[in-house]
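A.B. asks: Based on what follows, work out the 3D shape:
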Amino acid sequence: MRSIQIYHGPYAGSYEVECDTYRPVGYPRPTEQTWLPVADGLARALKIEEMAERLLREDVFCCDSSLVTELLNGTAALFSWDDVENLYPDPSEWTAEQCVTWCEDHGEDLPDKPEDPDEDDEDLWLEDLRETVRDNADAAEVYEWWRVTPWLLGELREVGEPVLDHAFGEWWGRTCTGQSIMLDGTLQAVASRVLNA
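C.D. replies: Purely as a prediction, here's the structure:
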């Protein structure tokens, strides 16, 4: 039997899992609780969480925030912010729905959508949406720099996380701080992407 915590999504919570059965862990804990069969959605959520935990254990080494900040901004300045990838979102491959969500989340006005649009109008509107994102996006705020494996750096790059790939090492620019890395959802996004591949 193993205990696992799922931090995000509809299955967020603590579980005890044994073979193909589970039971939620909560307080107050009932004296007798039936083991339930693991359904597909929960099985996937458990796999994602397990993989995210393994990534944190095996592919994230240490926090190098002071070192990287000094190398970026200090007297040595061995590399610059121009070397950091994914500081700004790249909506080039985004759908209209993703662009609209971003605009709404960031309080940006949406470009006018054509009435009774044909396919060309829809394409033009999508380009207007993408341009709105590009014009209004601020750089990501990197709070911590974590040394990671080259493989994880590539995966973080693919999910749009700030990364720094340099002859001195590979770093992930974490845009959260003050909580466990597992609470960010970033490693879960990597795990989900890898499991879908």
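A.B. asks: In contact with the residue lying closest to residue 152 once chain neighbours are set aside, which residues?
C.D. replies: Take residue 152 and drop its neighbours on the chain: the residue closest to it by Cβ to Cβ, 6 or more residues apart in numbering is residue 59, 3.9 Å away. All C-beta atoms are positioned from the backbone trio N, CA, C, and that covers glycine. Residues near residue 59 by Cβ atoms under 8 Å, 6 or more residues apart in numbering: 148, 149, 151, 152.
A.B. asks: can you tell me the helix or strand for the last one?
C.D. replies: Translated: residue 152. Using DSSP states H and E, residue 152 sits in helix 150-158.
A.B. asks: and if you look at residue 3?
C.D. replies: Assigned by DSSP H and E, residue 3 falls in strand 2-6.
A.B. asks: what angle do the longest helix anywhere in the chain and helix 150-158 make?
C.D. replies: Across the chain, the longest stretch assigned as helix under DSSP state H is helix 40-59. Per axes from the mean of the first three to the mean of the last three Cα atoms, to 10 degrees, the angle that helix 40-59 makes with helix 150-158 is 130 degrees.
A.B. asks: Contacts for the helix or strand just after helix 40-59, please.
C.D. replies: With elements assigned by DSSP H and E, the helix or strand that comes after helix 40-59 is strand 60-63. Strand 60-63 has contacts (Cβ under 8 Å, 6+ apart) with 144, 145, 146, 147, 148, 149, 152, 172, 181, 187.
A.B. asks: Nothing else from me, thank you.
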